[in-house]
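Engineer: Generate coordinates for the sequence data below:
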Amino acid sequence: MQSVTVMKSNRFFVLSLKSFLPRLLSGVLVLAAVVLFVAHTLPSAVETAALKNDWGLSYSQSGSQPVGNRSQESLSQHNAYYLGNPQEKVIFLTFDAGFEAGYTPKILETLKKHQVPATFFLVGNYLNTQPDLVKQMVAGGHIVGNHTFHHPDMSKISDLESFKKELTELEEKYKEITGQNMQKFYRPPQGKFNEENLKQAKDLGYKTVFWSLAYADWLQDKQPSKEEAFSKLLPRIHNGAVVLLHSTSKTNSEILDELLTKWKEMGYRFGTLEELCGQKAT
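Structural biologist: Numbering: from 1, shown residues only. This is a model prediction of the structure:
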């Protein structure tokens, strides 16, 4: 009797296993499909989130143009730019400043020495506290660009009136100081933007200017060394580069003379944003 019972038990197990295996295989296939779907869609979801809120770049190799998380072709539809002609050794030098740290006079002096044009993207605080330096920038042939009045996260602003107010308040202060109309170049604070912001800026007559080369130079209590700065700014320079430096950086004020010299020795010239934004997407 025991042998018969065992045989029946084993037979039942074999039958159960046969009926279970297809279900198990089916479950495995479904799980694999889910994993592949997530693996395929997650980067897209992350990329989409990044596109809505932050400007970002990826570098493939030294000396080559980086890839932005928006193509220049798609940006150009909204009069937005981050790169110049990939065939031309030209640099578009820009500075961002939310306040004056005491280094701008030296920077302006160095730019004058090298006859290099630059654009200074400024906020309301800077215009309110440093009108004389703003006048010096204009007298030196540089562009003063719009970095908004209050430096907010513009990606969180959806209505046109609030967006417009941030730009027009700065325009009005600039005209009060210089007697001139502000040239319409706009840089989103911290590179934060959304699709509607690009359309709003275009509707207001602005060109939105991002960047293709920058480095961590903005922390006052953690300034990079000369060697650290050059390790980022020399190998990554490229044709049509839109360079973002902060004029609040002590390091930048100290290395700018040598930096401009080295870039010139590498065969680069310096262009203006009028030249950059007058070009079609490449």
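
Engineer: What are the boundaries of the helices in the stretch 1-150 of the chain?
Structural biologist: Counting by DSSP state H, counting those that start in this stretch, one finds helices in the stretch 1-150 of the chain at the ranges 2-53, 72-76, 104-114, 124-129, 131-139.

Engineer: which other helices and strands contact the fourth one?
Structural biologist: The helices and strands touching helix 124-129, judged by 3 or more CB pairs under 8 Å, 6 or more residues apart in numbering; DSSP states H and E, are helix 131-139, helix 160-178. For glycine as for every other residue, the C-beta is placed from the backbone atoms N, C-alpha and C.

Engineer: just flag whichever of the helices of the stretch 1-150 of the chain has the lowest average confidence.
Structural biologist: By mean pLDDT, the lowest-scoring of these turns out to be helix 2-53, with a mean of 42.

Engineer: Would you mark the buried spots in stretch 122-140?
Structural biologist: Of all the residues in stretch 122-140, those buried under the rule 16 or more other CB atoms under 10 Å are 122-124, 126-127, 130, 133-134, 136-138.

Engineer: and if you look at stretch 75-87?
Structural biologist: Buried, per 16+ other CB under 10 Å, within stretch 75-87: 75-76, 78-85.

Engineer: Let me have the residues you listed in CSV, extended by distance to M154.
Structural biologist: Converted to CSV, these look like this (distance: CB to CB, whole Å):
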residue, distance to M154
L75, 16
S76, 20
H78, 14
N79, 16
A80, 13
Y81, 17
Y82, 16
L83, 21
G84, 24
N85, 28
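
Engineer: rewinding a little: export the helices and strands packed on helix 124-129 to JSON lines and tack on distance to S231?
Structural biologist: What follows is the helices and strands packed on helix 124-129, written out as JSON lines (distance: least, CB to CB, whole Å):
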{"stretch": "helix 131-139", "distance to S231": "29"}
{"stretch": "helix 160-178", "distance to S231": "35"}
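
Engineer: List just the one of these that sits closest to I237.
Structural biologist: Nearest to I237 among the helices and strands packed on helix 124-129 is helix 131-139; the distance by CB to CB comes to 23.6 Å.

Engineer: Help me confirm that Y215 is found in a helix?
Structural biologist: No - if the criterion is DSSP: H, G, I helix; E, B strand; the rest coil, then Y215 is coil and not within a helix.

Engineer: Point me to the helix or strand that includes the closest residue to it other than its chain neighbours.
Structural biologist: Spatial nearest neighbour of Y215, chain neighbours left out: K232 (3.9 Å); criterion: CB to CB, 6 or more residues apart in numbering. K232 belongs to helix 226-233 when assigned by DSSP states H and E.

Engineer: Which helix or strand lies directly C-terminal to that helix?
Structural biologist: strand 241-246.
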